[in-house]
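1. got a sequence here, can you model it:
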Amino acid sequence: MALVAAARECVRRMLSESPGMKCLVVDKWTLPCTTAAYTQSEILAQEVFLVETLGDASDEEMRHLKAVVFVRPSRESINKLKEALRRPRFGEYALYFSNVVAESDLQELADADVEERVTAVHEYFADFNPLDELHFSVALPARGGGNAALLAPGAWDPSAQTLACERACEGLCAALLALKRRPAVRYAGRSEAARRVATGVARAIEGDPVLYDFRSRDGAAPLLLVLDRRDDPVTPLLSQWTYQAMLHEIIGLENNTLDLATIGARGPKELGAQLVVAASQDPFFKANMFENYGDLGANVKTLVDEFQSKTKSNQNISSIEEMQRFVDNYPEFRKLSGNVSKHVTLLSELSRVIDERQLMSVSQQEQELACTDGMSAAYEGVLSLLSNHALREQEKLRLVMLFGLRYERSGGRNLQTLLDRLEETGVPRQRCALVRTLVQVAGSAARTGDLFGDKTFFARAAGNVARGLRGVDNVYTQHVPALASHVDAARKGRLREGDFPFAGAAPGGGASE
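-> You can find the predicted model right below:
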């Protein structure tokens, strides 16, 4: 997949199709996609004089400029665009929608364009936020709790659940169209939310076969597998030890942007508190985003050494030619300086927080809970950590949640003791109640598959043998997410249809829905 490249191509085509000075108008949905695809300097190089958010601009007329409007065809953006066309500020308007736009919406816009300023209307599919070439996110409606509306559908407003499912479908369909893929669609069989999303995507594909008329590559049809987080509630409860995951977990990585103020830190003066950390713009991050904490430290040290070496080579400038060479290389030199400063700062802050929160001792117990079966030792380990006053409420709560999930059937009395102890340490009762809520919502009865490998004697035996053969290289990264086994089974054609049924037409012309 090439998600950032697909988004870049959309933006490039939009800007190149309107030569001359122009204003790029985006909305709150397309802004993250645009900034992920193009840097500010790259946008300026495309003769973009100004970037505005639809509906937030002044009333100043700029008829000497063209407007390149890139928005999601939502009701909110359509209404704002109608207002903009009724009182046009720009000489021309080229309209680009990030997803399929309804004919009725186009008619409304045509009626609003009384001065006939619109010169082009296109659908360029980029209704998602590309995080890197392999991952994207879709912002769900805030109404009804956003993502939470899909986690426990029965507990939320049905209309909010419908909005969340529809938005997820729209984002997935846009990604498929951007990547030019027509997949078979399967979903986690026990999840109503996964079924609704998968069915929505399958219906969109079958309802417009011309739009999705893409040939399969290498003769194999791609697969869209819709999973439910409830099938693996363990992974997000564990401390993370790879670079990108640590930044997201400890500082907070949103649309490839970090705000160091969230952990009480400040970035280098030349960079500020908000740092962009994107694989598409940062070669060091691209090479190290999945490296573990130990290797990361060594690689940052190498980066610093290389920078110091280049600095020394530029210290002796004794001729005009050497001066010119330094000036020519200065922009790249300055960029390298900022990059080194950024990663040294991030590593320093990660190290400080890890020590402050004692995450290594917490992580070791988390891994024991996730990967080994020994309730007595697990109980004593968690109980001991709950008495550690240096641990935050969040770490203590995660440990008890992991214990509740792991020993859902046999640990009732011990779990209650841990909950009582948790409350004694100052955790509010309402927060303590989240442990039993999690077990109820994402317990074994609600999950697809065998998360802990302990539902049958043979599964337990196979897990023990595998661990014995494999050994443990790192006690902090023993756990393997359930996603890995699902992907491996799908690659080998071994996904059980009973657990992961097809939505819409199954291969061979059959249909499960």
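
2. tell me the SS of residue 290?
-> Following DSSP: H, G, I helix; E, B strand; the rest coil, the label given to residue 290 is coil.

3. next one: it from residue 241, what distance?
-> Distance, residue 290 to residue 241, using Cβ to Cβ, to the nearest Å: 11 Å. Any C-beta I mention is one placed from the backbone N, CA and C, and that applies to glycine too.

4. low-confidence ranges in the stretch 351-500 of the chain?
-> Residue ranges of the stretch 351-500 of the chain with pLDDT under 70: 453-473.

5. still on that earlier bit, more crowded one of residue 290 and residue 241?
-> residue 241 (20 against 12; other Cβ atoms under 10 Å).

6. which stretches in the protein count as strands?
-> With DSSP state E as the definition, the chain shows strands at residue ranges 22-26, 48-53, 62-71, 90-97, 118-123, 129-130, 136-137, 184-187, 223-226, 253-254, 257-259, 274-276, 502-503.

7. mind giving me CSV with those and columns for mean neighbour count?
-> Shown next, in CSV, are the strands of the chain (neighbours: other Cβ atoms under 10 Å):
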stretch, mean neighbour count
strand 22-26, 24
strand 48-53, 15
strand 62-71, 21
strand 90-97, 22
strand 118-123, 16
strand 129-130, 26
strand 136-137, 18
strand 184-187, 26
strand 223-226, 20
strand 253-254, 16
strand 257-259, 18
strand 274-276, 17
strand 502-503, 22
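
8. where among these is average confidence lowest?
-> Among the strands of the chain, strand 274-276 carries the lowest mean pLDDT, at a mean of 85.

9. now do that one: which elements does it pack against?
-> On a contact count with 3 or more Cβ pairs under 8 Å, 6 or more residues apart in numbering; DSSP states H and E, strand 274-276 meets strand 257-259, helix 320-357.

10. in terms of mean pLDDT, which of those ranks lowest?
-> When the helices and strands packed on strand 274-276 are compared on average pLDDT, helix 320-357 comes out lowest at a mean of 76.

11. what's the neighbour count on residue 480?
-> Taking other Cβ under 10 Å as the criterion, the count of residues near residue 480 is 12.

12. now do the one 3 residues further on
-> Applying other Cβ under 10 Å, we find 13 residues neighbouring residue 483.

13. can you tell me how far it is from residue 277?
-> Distance from residue 483 to residue 277, by Cβ to Cβ: 23 Å.

14. what segments of the stretch 101-250 of the chain are helices?
-> Applying DSSP state H, counting those that start in this stretch to the stretch 101-250 of the chain gives helices spanning 103-112, 148-151, 158-179, 192-207, 243-246.

15. now the fourth one: mean pLDDT?
-> To tie it back to what came earlier, the one meant is helix 192-207. pLDDT averaged over helix 192-207 gives 95.

16. mind listing what's buried along that helix?
-> Neighbour-count burial for helix 192-207 flags 193, 194, 195, 196, 197, 198, 199, 200, 201, 202, 204, 205 (criterion: 16 or more other Cβ atoms under 10 Å).

17. will you turn these into a markdown table that also has distance to residue 294?
-> What follows is the buried residues of helix 192-207, written out as a markdown table (distance: Cβ to Cβ, whole Å):
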| residue | distance to residue 294 |
| --- | --- |
| 193 | 38 |
| 194 | 36 |
| 195 | 42 |
| 196 | 43 |
| 197 | 38 |
| 198 | 40 |
| 199 | 45 |
| 200 | 43 |
| 201 | 40 |
| 202 | 44 |
| 204 | 45 |
| 205 | 45 |
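
18. in the stretch 1-150 of the chain, what spans have low per-residue confidence?
-> In the stretch 1-150 of the chain, residues with pLDDT under 70: 1, 143-145.

19. could you rerun that using 80?
-> Along the stretch 1-150 of the chain, segments meeting pLDDT under 80 span 1, 57-59, 141-150.

20. need the nearest residue in space to the residue nearest in space to the middle of the chain, chain neighbours excluded.
-> In the chain, the centroid-proximal residue (Cα atoms, centre = their mean) is residue 137; its distance is 4.6 Å. Leaving aside its sequence neighbours, residue 137 sits nearest to residue 129 (Cβ to Cβ, 6 or more residues apart in numbering; 4.8 Å).

21. list the contacts of the residue nearest to the centre of the chain.
-> Applying Cβ atoms under 8 Å, 6 or more residues apart in numbering, we find residue 137 in contact with 128, 129, 131, 255.

22. please check these and keep the buried ones.
-> Using 16+ other Cβ under 10 Å as the burial test, these include 128, 129, 131, 255 as buried.

23. how far away is the closest residue in space to the first one that isn't next to it in sequence from residue 129?
-> Which is residue 128. In this structure, residue 128 finds its nearest non-sequential neighbour in residue 136, 4.4 Å apart by Cβ to Cβ, 6+ apart. Distance, residue 136 to residue 129, using Cβ to Cβ: 6 Å.

24. over to residue 362?
-> On the measure of Cβ to Cβ, residue 362 and residue 129 end up 31 Å apart.

25. now residue 359
-> Taking Cβ to Cβ, one finds residue 359 at 28 Å from residue 129.
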